[in-house]
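In: got a sequence here, can you model it:
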Amino acid sequence: MPSEDKNTYVIQNESIELGRLVLQDKIYTQAIGGLFPEIDLSGIRRVLDIACGPAGWAIDVAFEYPEMEVVGVDISENTINYNFAQARVRNLQNVTFEVMDAREPLAFQDHSFDLVNGRLFVGFMDTQTWPQLLAECWRILRPGGIIRLTESESGISNSKASQDIQAYFCEALSKLKRTYSVDGRSLGIAYMLPRLLHGAGFQDIQGKAFYIDCSYSTPLHYSTFRNVEAAYMLLKPFILQHVNVTEEEYDQNYNQMLIDFQKEDFTNISFGLTAWARKPEEA
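Out: Numbering: from 1, shown residues only. Next up is the predicted model:
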C-alpha cells in the first residue's frame, strides 16, 4: 500500500477535494462528448482506470457497459473506500477498486487489460515518471489493447485575475518539472501526449481535441465556476509554497477572479486533447 508521504498530488485537503473531483469529472465527460466516444469498443472486456479519483468515469462505464469488467486504482485509501460505497449504492458487481500508486509499478499481471484509461494526470505526475507509467501501461495491456489519455490546457479568459491565478499554477508545476512547458506559462502536457505514446512504442496514435466554454450563460458556466472556486482555494498552499507571490496578492486575484466569473461579459475557454493508441498485435 502506498504511504502518505509518496502522495505527490497538488491538493492535500482530501475530503473537500473529493467533492470537487466529482464535479470536475462530470464537466470533462460532458465536454469530451461521453465516456469514450472515439473508441471502437469491440473486443473491450477488461478496463483499467488509473488514478480514478472518486471514480465517476469508472462507475459510469460499469453501469453503461455491464458486460465489461472495470477496475479503478488510486493512491488514496479513503477515496477507494468511497468508490466501493458508490458502487454498492448502484448495485454494480462489475467494478472493483484497489489502492495503488500510479508512479510505482502497477500490481497487475502482464496483458491484464484491453483498455487503459487516464485523465488529468498533471496533478501528480512529472516528466521523469511519465515514461515509467507508460511502460507499465504497455506491460499490462494485451497485444492489440488500447491506451487512452486525456489532458487539458490553461484557459484563455478576458479576466486578468483568472489569467494570473492560472499562471501561478503553471509556474509552480514547471518549477517542480511536472510539465513539458518551455516557459512555465502553460500546463504543458496535452500537446506532448502523442509524442509520449510514440516513445513508449504504441502505434496508430490518434487524437481528438475538445474545449470547455465556461463563459457567462453557457451550459458549463455554473459548474465550472464552482469547480474553479474550490480548486484555487485548495491549491493556495501549493502555489504559495512554490511561487513568489504573497498571500495578499493571491487572495486579491482569487477574489477578483470570482467576481469576474459572474459578470455578464465574462468569457473563458480552455482546450484539451484526448489521445489514444494501440499496442501492436505482435507485442
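In: could you use CA atoms for every contact and neighbour count after this?
Out: OK.
In: where exactly do the helices run in the chain?
Out: 14-32, 56-64, 77-89, 129-140, 160-175, 193-199, 221-234, 236-242, 247-261 (DSSP state H).
In: between those, which one is closest to Asp114.
Out: Shortest distance between Asp114 and those, using CA to CA, is found for helix 129-140: 8.8 Å.
In: so what secondary structure elements neighbour the closest one?
Out: helix 193-199 (3 or more CA pairs under 8 Å, 6 or more residues apart in numbering; DSSP states H and E).
In: can you give the contact residues for the helix it packs on?
Out: Helix 193-199 is contacted from outside by Trp130, Pro131, Leu134, Leu149, Gln203, Ile205, Gln206, Gly207, Ala275, Ala277, using CA atoms under 8 Å, 6 or more residues apart in numbering.
In: now do stretch 83-93
Out: Pro54, Ala55, Ile59, Ala62, Phe63, Val95, Thr96, Phe97.
In: pretty sure the second one is touching Gly72, no?
Out: Which is Ala55. Yes - here Ala55 reaches Gly72: they are 7.0 Å apart, a contact under CA atoms under 8 Å.
In: so for the two, which sits in the more crowded spot?
Out: Ala55 (28 against 25; other CA atoms under 10 Å).
In: confidence score at the residue nearest the centre of the chain?
Out: Nearest residue to the geometric centre of the chain (CA atoms, centre = their mean): Leu120, 1.8 Å. Note on Leu120: pLDDT of 96.
In: try Glu282
Out: 79.
In: how much space separates it from Gly145?
Out: As judged by CA to CA, to the nearest Å, Glu282 and Gly145 stand 11 Å apart.
In: these two - which one has more neighbours?
Out: Neighbour count, other CA under 10 Å: between Glu282 and Gly145, Gly145 has more, with 24 against 6.
In: please name the nearest non-neighbouring residue to that one.
Out: Asp114 (4.6 Å; CA to CA, 6 or more residues apart in numbering).
In: look up how far Gly144 lies from that neighbour.
Out: In terms of CA to CA, Asp114 sits 8 Å off from Gly144.
In: quick one, which of those two is more surrounded?
Out: Neighbour totals were compared for Asp114 and Gly144, and Asp114 leads with 22 against 19 (other CA under 10 Å).
In: tell me the contacts of that one?
Out: Gly43, Ile44, Arg45, Arg46, Val47, Leu141, Arg142, Gly144, Gly145, Ile146.
In: thought the fourth one was touching Asn117?
Out: No - with contact defined as CA under 8 Å, Arg46 does not reach Asn117; the gap is 11.2 Å.
In: name the residue in the two with the higher neighbour count.
Out: Asn117 (21 against 18).
In: list the contacts for the more buried one?
Out: Val47, Leu48, Asp49, Ile50, Ile147, Arg148, Leu149.
In: isn't the second one up against His111?
Out: Right, the one you point to is Leu48. No - with contact defined as CA under 8 Å, Leu48 does not reach His111; the gap is 11.7 Å.
In: looking at these two, which one has more neighbours?
Out: The residue with more neighbours, out of Leu48 and His111, is Leu48; 26 against 15, by other CA under 10 Å.
In: could you check how far the more buried one is from Trp130?
Out: The value you get for Leu48 to Trp130, if CA to CA is used, is 17 Å.
In: phi, psi for Ile11 please.
Out: For Ile11, the backbone dihedrals (degrees, to the nearest 10) come out as phi -120, psi 130.
In: point out where the chain drops to low pLDDT.
Out: 1-5, 283 (pLDDT under 70).
In: so the nearest residue to Ala190 once chain neighbours are set aside bridges to which residues?
Out: Leaving aside its sequence neighbours, Ala190 sits nearest to Glu151 (CA to CA, 6+ apart; 4.9 Å). Per DSSP bridges, residues listed as beta-bridge partners of Glu151: Leu273.
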